[in-house]
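1. test case, fold it:
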Amino acid sequence: MTFPDRLDPRKVLYRPQLPGSAMKDPVEVLRRKEAELERLQEEVDALRLAGRLLKERTSVGVELQTRGKILQMP
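-> Residues are numbered from 1 along each chain as shown. Predicted coordinates for the structure are as follows:
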């Protein structure tokens with residue numbers, strides 16, 4: 001078996017559609033992305049709230065418990 005020295009870019013980039021595989025519905029893809037974006041925004045808001053609460057806790061003078069030594073695995 002021999003391999004060509006150079007590949008024809010048209011053959012590399014071209015991917016024929018397989019029978020039975022249809023393109024995704026762009027509206028459905030957009031709906032899923034928007035739902036994911038909303039979920040991530042809620043997570044970011046929750047993290048911001050947690051950060052503010054931790055900042056208030058340390059500024060009031062409550063000491064955070066130490067968890068011990070940090071070991072680095074080889």
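2. any idea how far residue 57 lies from residue 44?
-> Look at residue 57 and residue 44: by CB to CB, to the nearest Å, they are 20 Å apart. In this view, the C-beta of every residue, glycine as well, is placed from N, C-alpha and C.
3. likewise residue 38?
-> Distance of residue 38 to residue 44, given as CB to CB: 11 Å.
4. mind listing the helices for the protein?
-> Using DSSP state H, the helices of the chain run over 9-13, 26-60.
5. so where's this structure uncertain?
-> Scanning the chain for pLDDT under 70 picks out the ranges 1-21, 60-68, 70-74.
6. since we're on residue 59, how many residues are nearby?
-> Residues lying near residue 59 (other CB atoms under 10 Å) number 8.
7. tell me the phi and psi of residue 23?
-> phi -70, psi 150 (degrees, to the nearest 10).
8. burial count for it?
-> For residue 23, using other CB under 10 Å, the count is 7.
9. next: the one 3 residues further on.
-> By the criterion of other CB under 10 Å, residue 26 has 8 neighbours.
10. what does residue 24 give?
-> Look at residue 24: counted by other CB under 10 Å, it has 9 neighbours.
11. same question, residue 49
-> 10.
12. same question, residue 34
-> Using other CB under 10 Å, residue 34 has 10 neighbouring residues.
13. measure residue 58 to residue 31 for me?
-> Counting by CB to CB - residue 58 and residue 31 are separated by 41 Å.
14. cool, residue 38 as well?
-> Distance, residue 38 to residue 31, by CB to CB: 11 Å.
15. show me the contacts for residue 45.
-> Residues in contact with residue 45 (CB atoms under 8 Å, 6 or more residues apart in numbering): none are found.
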